[in-house]
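A.B. asks: let's see this in three dimensions:
(one chain, ligands or ions: 2)
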Amino acid sequence: MKRFALFLLALCAGVSVLRADEGMWLPSEIYKNIKDMQAKGFKLTAEDIYSINNSSLKDAVVHFGGGCTGEIISSEGLLITNHHCGYGQIQSHSSVEHDYLTDGFWAMTRDQELPNPGLTVSFLEYMEDVTEQVLKGYKPTMTEEQRIALVDKNIKAIEKKAKGDVPYLKVQVKALYYGNVYYLYVFKVYSDVRLVGAPPSSIGKFGGDTDNWMWPRHTGDFSLFRVYAGKDNEPAEYSKDNVPYTPKRFFKINAKGIGEGDFTMVYGFPGRTNEYLFSDAVKYTAEKSNPHKIALRTLRLDIQNREMSKDQAVRIKYASKNASVSNAWKKWQGEAKGIIKMRAVENKEEFEAKFTEWSKGKPEYEGLVAKFHELYSAIEELSLVQDYQNEALNAVEIVSFAGRGQRGAEKFWKDYYMPIDKASFIALYNAYNKNIADKYKSPYFKEKLAEYGSIEKWADALFTEQPNLEMAAEIYKETNKYFRENYAPVLDSVNKEITLLYRTYMRGMMEYNKATRGTKVFYPDANSTLRVAYGHVKGYSPSDAVYYTPVSSLDGIIQKDNPEIYDYNIPQKLRDLHAAKDYGQWEVNGSVPVAFIATNHTTGGNSGSPVLDAEGNLIGVNFDRVWEGTMSDVVFDPEVCRNISLDIRFALFVIDRLAGANHLIEEMEIV
Ligand code: ARG
Ligand code: ASP
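C.D. replies: Ligands and ions are numbered 1, 2, ... in the order given. Below you'll find the model as predicted:
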């Protein structure tokens, strides 16, 4: 196996030509990119980014909660992440008397900092290629079942050894390149993390879903926390006696700012990408799955928006649900458009044709493309049935709630409004009935429909004075059971085969690239592990005759400000500061910078990631991507793929001028 690992390494290593900005790189192997990075302006070394022996930039980056990134910005454990990453915590401390979502929150002393049970931040201690150990004992004659059993056993042993008996260590072995490579990750998990500050939502969520996934953007999307530790600086459960954590490393802040063309680097935990998908899968996403899921969510959003605009109480109940339904809905649209505009399917098909030609007579790769076609077409219809199960049948709130055992009942009822759910049931179940072929519908669904005569009449029975919980639970159980018993096994087994095929295809693509002296660069798909992306500040053209410059400012907030429109109604204090031009030291050209875009390759999970300059100092906090570039999870277009970052100076301005929390700025090291 050693030979194989080396072979793969040789295939991905040592490209010295200037690359496009695509790529999410492994920190421990960043030395392979360092020449390219330096050519693009980076001033530090690979050791500065990641080192096992010395403190390095990686020591200031944390996995925040389950799905975001955060970074340490003072010697006393101060942490910055996005407002939308701390949203749950800010909300849970809020009440009618202390509405921190609306008014913001600022701890003026350490004892005002608020604990958050359940919230953890994880520091990566080290990562290590363990491919050889994971595949130890593997013989090519083994069946896939035997391989899985062996790999599982080896992984458990590796993890056990790495964890030892240290309770606060989190260890995980993760597959890269579809199981061609395995890495061990060892984290220290801190569980006393306190809320320090958050701007009002009218700043932290400025622009709301209207501006979400878009540039120009003016969202002050940040919140502040502090990591606490036991007296020995090691992780400890929350206690009044805990002390602020002393980090191995924290980011210094570059308040001199950035401009077009400047080097930028994003260091964080991207969640999931699929850059090596076969054409059929990309086609399915762009032409089938996304359009159907978008249509289903449009139905829900129209209903929610209609009811929310009628009643302030309903608006509050559905604010968070509406945001999350709308977030993916908007992304899928940009993604499908981007895939089509880039001709990604056609380009992949062209590549696959060449690959087929090349693979002739190579037993490992021959027939791969045909096999992909066969497998994907075997599950195409079922995949849509699955999409409808999730996005239509299970998307009715009461159905999921009752069917899944009424978990979180208090919160559920607090935020529930039956007229929205009933209208959603009618719209979604009609769409399912119309768009899914009869042969895929459960006998239960067909019986109920026949019994009531129409979805509308069925809805009248399900939603009377109160929703009928028993009936809702039955709908959930029956339709999901039917799906689970009849379709899930086929989907699972074919998907397993597909995944296996990708393991070979991945190697094949690399080998092909080498054999044909191709210029494609390979990096492992994102899988919620720590990565480095780099690029530079750059505008883009979203459409014909339009060009967007890369930096937004406070003047843009004032231009959008409108007390009549919820998403654009800023705090009066911000208006006053603008009117008085009270910008303190954060002024640039008569305004304050707010956000900027750059060519770094990022995805969901990169929210909150530090955006660094050529010297490794903090210039911003990543929070989004531009709409025209959201296909970057599948295919990256350097022309339009841009990440959106909060300019750190806007955060400093808000902390200083708006909140008057100067003690926090004094903690930081500003260069
Ligand atoms: N689009 C950003 C990221 O996925 C931010 C989402 C939160 N903001 C919102 N308005 N829904 O995921
Ligand atoms: N907004 C995303 C996040 O929350 C980032 C992205 O998808 O670009 O992680």
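A.B. asks: ok, residue 72 touching residue 246?
C.D. replies: No. Look at residue 72 against residue 246 with C-beta atoms under 8 Å: they stay out of range, at 10.0 Å. Where C-beta positions appear, they are placed from N, C-alpha and C, glycine not excepted.
A.B. asks: so the two - more neighbours on which side?
C.D. replies: Each of residue 72 and residue 246 has its neighbours counted (other C-beta atoms under 10 Å); residue 72 has more, 27 against 12.
A.B. asks: list the contacts for the more buried one?
C.D. replies: 60, 62, 78-79, 227, 247, 249-251 (C-beta atoms under 8 Å, 6 or more residues apart in numbering).
A.B. asks: near ligand 2, which residues of this protein?
C.D. replies: Taking C-beta under 6 Å from any ligand atom as the contact definition, the chain meets ligand 2 at 602-607, 623-625.
A.B. asks: which of those residues come close to ligand 1?
C.D. replies: Within these, those near ligand 1 by C-beta under 6 Å from any ligand atom are 604, 607, 624.
A.B. asks: give me the nearest residue to the spatially most central residue of the chain, chain neighbours excluded.
C.D. replies: What sits nearest the mean C-alpha location of the chain, by C-alpha atoms, centre = their mean, is residue 604, with 1.5 Å. Excluding the flanking residues, the one nearest residue 604 by C-beta to C-beta, 6 or more residues apart in numbering is residue 271, at 4.7 Å.
A.B. asks: hmm, that neighbour is touching residue 609, no?
C.D. replies: No. Between residue 271 and residue 609 there is no contact under C-beta under 8 Å: 11.5 Å.
A.B. asks: just want to know which of the two has more residues nearby.
C.D. replies: residue 609 (32 against 18).
A.B. asks: list the neighbours of the helix or strand where residue 387 lies that are in contact with it.
C.D. replies: Assessed by DSSP states H and E, residue 387 sits inside helix 368-391. Residues outside helix 368-391 that contact it (C-beta under 8 Å, 6+ apart): 278, 280-281, 284, 288-289, 292-293, 296-297, 352-353, 355-356, 359, 428, 431-432, 435-437, 440, 479-480, 483, 487, 490-491, 494-495, 497-498, 501, 504-505, 508.
A.B. asks: next, the buried residues of it.
C.D. replies: Of all the residues in helix 368-391, those buried under the rule 16 or more other C-beta atoms under 10 Å are 368-369, 371-372, 375-376, 379, 382-389, 391.
A.B. asks: and the helix or strand immediately after that helix in the chain, what does it pack against?
C.D. replies: The helix or strand immediately downstream of helix 368-391 is helix 397-403, counting by DSSP H and E. Other helices and strands packing on helix 397-403, by 3 or more C-beta pairs under 8 Å, 6 or more residues apart in numbering; DSSP states H and E, are helix 418-435, helix 469-486.
A.B. asks: run the chain-centre distance for the helix or strand encompassing residue 101.
C.D. replies: Counting by DSSP H and E, the element that carries residue 101 is helix 100-103. Centre-to-centre, helix 100-103 and its host chain are 25 Å apart (C-alpha atoms, centre = their mean, to the nearest Å).
A.B. asks: tally of neighbours for residue 288?
C.D. replies: Count around residue 288 with other C-beta under 10 Å applied: 16.
A.B. asks: now the helices for the stretch 501-650 of the chain?
C.D. replies: 554-560, 572-579, 648-653 (DSSP state H, counting those that start in this stretch).
A.B. asks: now render these as CSV, adding mean pLDDT, mean neighbour count and distance to residue 106.
C.D. replies: Shown next, in CSV, are these (pLDDT from 0 to 100; neighbours: other C-beta atoms under 10 Å; distance: least, C-beta to C-beta, whole Å):
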stretch, mean pLDDT, mean neighbour count, distance to residue 106
helix 554-560, 98, 18, 20
helix 572-579, 98, 15, 13
helix 648-653, 98, 26, 13
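A.B. asks: okay, those in TSV with distance to ligand 1 next?
C.D. replies: Listed next are the helices of the stretch 501-650 of the chain as TSV, based on distance: least, C-beta to the nearest ligand atom, whole Å:
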stretch	distance to ligand 1
helix 554-560	15
helix 572-579	19
helix 648-653	17
